[in-house]
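1. pasting the sequence and the predicted model now:
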Protein chains: 4
Amino acid sequence: MSDAERPRRRRDPEATRARIFAAATQEFTRHGYAGARGDRIAVRARCSERMVYYYFGSKDGLYREVLEGVYESLRLAEQSLDLDRLEPRAALIEFCRFVWRYYLEHPEFIGLVNSENLQQARHLRKSGKLDELVTPVVGMLEVLLARGRAAGVFRDGIDANELYIAIAALGYFYLSNTHTLSAVLGRDLRAPAQLEQHWRQSALVVERAVCIDAA
Amino acid sequence: MSDAERPRRRRDPEATRARIFAAATQEFTRHGYAGARGDRIAVRARCSERMVYYYFGSKDGLYREVLEGVYESLRLAEQSLDLDRLEPRAALIEFCRFVWRYYLEHPEFIGLVNSENLQQARHLRKSGKLDELVTPVVGMLEVLLARGRAAGVFRDGIDANELYIAIAALGYFYLSNTHTLSAVLGRDLRAPAQLEQHWRQSALVVERAVCIDAA
Amino acid sequence: MSDAERPRRRRDPEATRARIFAAATQEFTRHGYAGARGDRIAVRARCSERMVYYYFGSKDGLYREVLEGVYESLRLAEQSLDLDRLEPRAALIEFCRFVWRYYLEHPEFIGLVNSENLQQARHLRKSGKLDELVTPVVGMLEVLLARGRAAGVFRDGIDANELYIAIAALGYFYLSNTHTLSAVLGRDLRAPAQLEQHWRQSALVVERAVCIDAA
Amino acid sequence: MSDAERPRRRRDPEATRARIFAAATQEFTRHGYAGARGDRIAVRARCSERMVYYYFGSKDGLYREVLEGVYESLRLAEQSLDLDRLEPRAALIEFCRFVWRYYLEHPEFIGLVNSENLQQARHLRKSGKLDELVTPVVGMLEVLLARGRAAGVFRDGIDANELYIAIAALGYFYLSNTHTLSAVLGRDLRAPAQLEQHWRQSALVVERAVCIDAA
DNA sequence: TATGAATGAGAATTCATTCAT
DNA sequence: GATGAATGAATTCTCATTCAT
């Protein structure tokens, strides 16, 4: 039964908690840690500000849970990736598409990671779940690179970490900096045509970086 | 005589203003707009908090000036770029190096642009100087791309905007997200060797994307 | 049980709000809008300054409520006036007495209206309750004037608005300007004998203005 | 030579002082003592805020001078009144007209007196010039009343102080409370027709109060 | 489970005023 | 005579959080 279908019970702690969590995610995404306001979260969660503290203890605690949440979601999504069923080049493109799509569809990830970096990853480092958050994709990429190399399609000497960073960078930077870039470049980077173009170009850049004979 | 050496006069408005400006740049870089504190700025500028308002009117006004400042500095640096004296491939690499170095040496640029994007470029859009900030480098890249194409070194169909975004992305993302990436990847991305490696890899990615026969 | 006798409960929001309201009324009466101080209000209301904002949002909001309050109180008092049961001349005098007494016993009305006029009725005009505040007494006076005319006691051609203004003026001016008048005239206008004399003279002035054969 | 004709000298202390004085008068009129702002005075006087202190020492000092100024001006105007040349009834009307006109043409008097009463005449009482400010008009009215009584035109038992207060009240209240009255009565009391009507009615009220056979 | 009341510490900003030239 | 620089003490208002029920 989806959230929408479930009859709204008068007292439904789980639902309240979830609403607060969702509201907080939005709030932290849009305003960062310091700019986030408890009252706005409460309003959006249709509850009293008091409840926020009841369920999450403190702004810090709430932020940490939200932050861990977005990383967990990413990891979950990453785990569902199955690159092995595709031949190397296709798998590489598939991976790029996955990253791009994920960022595009999860502005809360971008917002929170931005906020976190503004604070030198203060909260992330304090998180007890740090080790659970270490991304599995680098491992996947290593396997993929080996496969591609063996098949004679991928170049030698490509570092999985670096490749991951490059792929992430091309998508993340574009989406995270849309606002300033749009202002500075004088065009609307969120226009569908622009998004499409960027995705294509990025994929091409990665392909050329990795594959021996790319278009 | 440098700022530090100059005997501190009691009344030196320019110096006071400059100290406040510098302190504010640091503060906004580290904490973003919402997280920045007026008293910290005053302490670092060795003046009373009151002076901040005397010279800049408001937190908003100060932030805007600082923001405009970092864009102006970037533009100034960009204008000193002279790609025409180099042959295309070298010029391309030179451009990459410039971007990378600039970001590396100007954490305040990264911090402020991050902060600004967290707020949907709220302040940037309000800035009267927006048009002065439009970057000249896309134009430079266009010229360079034409040159390279004519010389048979660069591929066809490379968009200058996209190329600029790609180059910026590879540097900016790495540096802006060092903190979270270090945590998630489990290595210290600020280590000199890592920085060096990333710079090399990025340059290679760009070269392969642009040049017909890249290593 | 009166307010003073009631055991002071720790949590009694209505009482807290009422104390703040009363304290604010006093403060605005004595110092006007600009001169009023939040901390003094808090002290007098025996609560923290914070509570003022908790209940009224802002100095402006508090002032507006207080202002609306004094007009509401006046209107309430006015509505309890029953001039119809008296013959015209007596009713006229009764009305004069009512106005005089009201002003005399409600320095907060005088103070706030003064403050408001100093600010060109800035707040009053912004009040959403403006139409509720339109005074009913002009209507009462119209009825009374018609009755008196019909009875052959009152003169023709007396405008109810003007009559109201005259009656109000004679009382308001005296009380609102006691301080400067006392200084300028060199006598204490608040002395009971002076108050009594003024009331008598004012009533006489009004009677002579309205009645065909006045003493 | 008028202010406008006089060539604006670079250094003209008298002129500067006068500009500040005029600006302050306006500022205190519109905002009262507490609401007045030094910077606004400086802007209007086309000088630096510093000059205000140079010439007048403090906000208090400036206010006191301005306050004394408006009383002095009134006294000066009052002294130019010559009621003796007119027959009693005409002189009475002339006096009423004078008061009404003065208030109408000198909003700064009304504003400052209002402000002063809001503060319980704090500054007026401190003024060393208080005795110089005692109004001469009560004396004039006494003479006039005697004349009128002797001529059989005026009633017996009219107190000069009370008469003065009544005349002042009818004009002052109307003008000082225009803003709130306009709001509460739902008409624009500053409209020329309204002003004219009020002046006529007021004069009539006074005439009826004083003269044995009034219209 | 839920909530309204209450709060202290601190944030931004303002204001009258003085310092140094 | 004139001025820009500087300031301390308020003043309004906000924020995260706890109390009492």
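-> Alright, I've got the coordinates. Numbers count the residues shown, from 1 in each chain, chains lettered A, B, ... in the order given.

2. could you chop chain A up by domain?
-> A:1-57, A:67-210 (automatic domain parsing).

3. all strands of chain A, in order?
-> Residue ranges of strands cannot be listed for chain A, since DSSP state E assigns none.

4. can you give me the helices for it?
-> Residue ranges of the helices in chain A, as given by DSSP state H, are A:13-35, A:38-44, A:49-56, A:59-79, A:88-105, A:107-118, A:122-126, A:130-133, A:137-150, A:160-176, A:178-185, A:192-210.

5. looking at the ones you listed, which is closest to residue D:214?
-> Between residue D:214 and the helices of chain A, the shortest separation by CB to CB is 66.2 Å, and it involves helix A:38-44. Where you see a C-beta, it was placed from the backbone N, CA and C, and this is true even at glycine.

6. quick one: the closest one near DNA strand F?
-> Yes - judged by CB under 7 Å from any atom of the strand, helix A:38-44 comes into contact with DNA strand F through A:38-39.

7. now that helix, how far from the chain's geometric center?
-> Relative to its parent chain, helix A:38-44 has a centroid offset of 24 Å by CA atoms, centre = their mean, to the nearest Å.

8. helices or strands up against it?
-> Contacts defined by 3 or more CB pairs under 8 Å, 6 or more residues apart in numbering or on different chains; DSSP states H and E place helix A:38-44 against helix A:13-35, helix A:49-56.

9. repeat the analysis, applying 10 Å as the threshold.
-> For helix A:38-44, the contact count by 3 or more CB pairs under 10 Å, 6 or more residues apart in numbering or on different chains; DSSP states H and E identifies helix A:13-35, helix A:49-56, helix A:59-79 as packing neighbours.

10. I'd like the ones you listed as JSON lines, with mean neighbour count appended.
-> Putting the helices and strands packed on helix A:38-44 into JSON lines (neighbours: other CB atoms under 10 Å in any protein chain shown) gives the following:
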{"stretch": "helix A:13-35", "mean neighbour count": "19"}
{"stretch": "helix A:49-56", "mean neighbour count": "17"}
{"stretch": "helix A:59-79", "mean neighbour count": "18"}
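
11. make TSV out of these and add distance to chain B and mean pLDDT.
-> Conversion of the helices and strands packed on helix A:38-44 to TSV gives the following (distance: least, CB to the nearest CB, whole Å; pLDDT from 0 to 100):
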stretch	distance to chain B	mean pLDDT
helix A:13-35	3	94
helix A:49-56	18	94
helix A:59-79	8	94
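
12. hang on, the earlier thing: among the domains of chain A, which is the most enclosed?
-> With neighbours defined as mean count of other CB atoms under 10 Å in any protein chain shown, these peak in mean count at domain A:67-210, which reaches a mean of 18.

13. quick check: residue A:75 touching residue A:135?
-> Yes - contact between residue A:75 and residue A:135 holds when scored by CB atoms under 10 Å: they sit 6.8 Å apart.

14. what's the overlap in contacts for those two?
-> Common neighbours of residue A:75 and residue A:135, using CB atoms under 10 Å, 6 or more residues apart in numbering or on different chains, are residue B:184.

15. so is stretch A:52-65 next to chain C?
-> No - counting by CB under 10 Å from any CB of the partner chain, no contacts exist between stretch A:52-65 and chain C, the nearest distance being 17.1 Å.

16. go ahead and flag the most central residue of chain A.
-> The geometric centre of chain A, computed from its C-alpha atoms, lies nearest to residue A:109 (CA atoms, centre = their mean), at 3.9 Å.

17. was I right about that residue contacting residue A:75?
-> No - under the criterion of CB under 10 Å, residue A:109 is not in contact with residue A:75, lying 11.1 Å apart.

18. what's near enough to touch the closest residue to residue A:74 other than its chain neighbours?
-> Leaving aside its chain neighbours, residue A:74 sits nearest to residue A:109 (6.1 Å; criterion: CB to CB, 6 or more residues apart in numbering or on different chains). With contacts taken as CB under 10 Å, 6+ apart, residue A:109 has the following neighbours: A:25, A:29, A:69-71, A:73-74, A:77, A:102-103, A:172, A:175-176.

19. turn those residues into CSV, columns for distance to residue C:188.
-> CSV is the format used below for the contacts of residue A:109 (distance: CB to CB, whole Å):
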residue, distance to residue C:188
A:25, 69
A:29, 68
A:69, 74
A:70, 75
A:71, 78
A:73, 79
A:74, 81
A:77, 85
A:102, 83
A:103, 80
A:172, 80
A:175, 77
A:176, 74
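
20. is chain B contacted by the lowest-mean-pLDDT helix or strand in chain A?
-> The least trusted helix or strand in chain A, going by mean pLDDT, DSSP states H and E, turns out to be helix A:130-133, with a mean of 73. Yes - judged by CB under 10 Å from any CB, helix A:130-133 comes into contact with chain B at A:130-131, A:133.

21. quick check: residue A:158 touching residue A:167?
-> No - judged on CB under 10 Å, residue A:158 makes no contact with residue A:167 at a distance of 11.6 Å.

22. now for the two: what residues contact both?
-> Applying CB under 10 Å, 6+ apart, one finds that residue A:158 and residue A:167 are jointly contacted by A:141, A:209-210.

23. considering only those, which also neighbour chain B?
-> When CB under 10 Å from any CB is taken as the criterion, the members of those that contact chain B are A:209-210.

24. TSV for the shared contacts of residue A:158 and residue A:167, including pLDDT and distance to chain C?
-> Compiled in TSV, the shared contacts of residue A:158 and residue A:167 are given as follows (pLDDT from 0 to 100; distance: CB to the nearest CB, whole Å):
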residue	pLDDT	distance to chain C
A:141	97	55
A:209	97	58
A:210	97	60
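
25. just the shared contacts of residue A:158 and residue A:167 now: which is nearest chain D?
-> Taking CB to the nearest CB as the measure, residue A:209 is the one of the shared contacts of residue A:158 and residue A:167 closest to chain D, at 60.9 Å.

26. how close does that closest one sit to residue B:212?
-> 15 Å (CB to CB, to the nearest Å).

27. how about residue A:39?
-> As defined by CB to CB, residue A:39 lies at a distance of 59 Å from residue B:212.

28. surely residue A:135 and residue B:184 touch.
-> Yes - with contact defined as CB under 10 Å, residue A:135 and residue B:184 form a contacting pair (5.4 Å).

29. identify the contacts common to those two.
-> Listed contacts common to residue A:135 and residue B:184 are A:71, A:74-75, A:164; contacts here mean CB under 10 Å, 6+ apart.

30. follow-up on the earlier one: do you know which of the domains of chain A lies nearest residue D:196?
-> Judged by CB to CB, the one of these that comes nearest to residue D:196 is domain A:1-57, at 54.6 Å.

31. can the closest one be found next to DNA strand E?
-> Yes - residues of domain A:1-57 are located near DNA strand E by CB under 7 Å from any atom of the strand, namely A:10-13, A:16, A:47-51, A:54.

32. could I get the residues you listed as JSON lines with distance to residue C:97?
-> Listed next are the residues of domain A:1-57 next to DNA strand E as JSON lines, based on distance: CB to CB, whole Å:
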{"residue": "A:10", "distance to residue C:97": "58"}
{"residue": "A:11", "distance to residue C:97": "60"}
{"residue": "A:12", "distance to residue C:97": "63"}
{"residue": "A:13", "distance to residue C:97": "64"}
{"residue": "A:16", "distance to residue C:97": "61"}
{"residue": "A:47", "distance to residue C:97": "56"}
{"residue": "A:48", "distance to residue C:97": "51"}
{"residue": "A:49", "distance to residue C:97": "52"}
{"residue": "A:50", "distance to residue C:97": "53"}
{"residue": "A:51", "distance to residue C:97": "57"}
{"residue": "A:54", "distance to residue C:97": "59"}
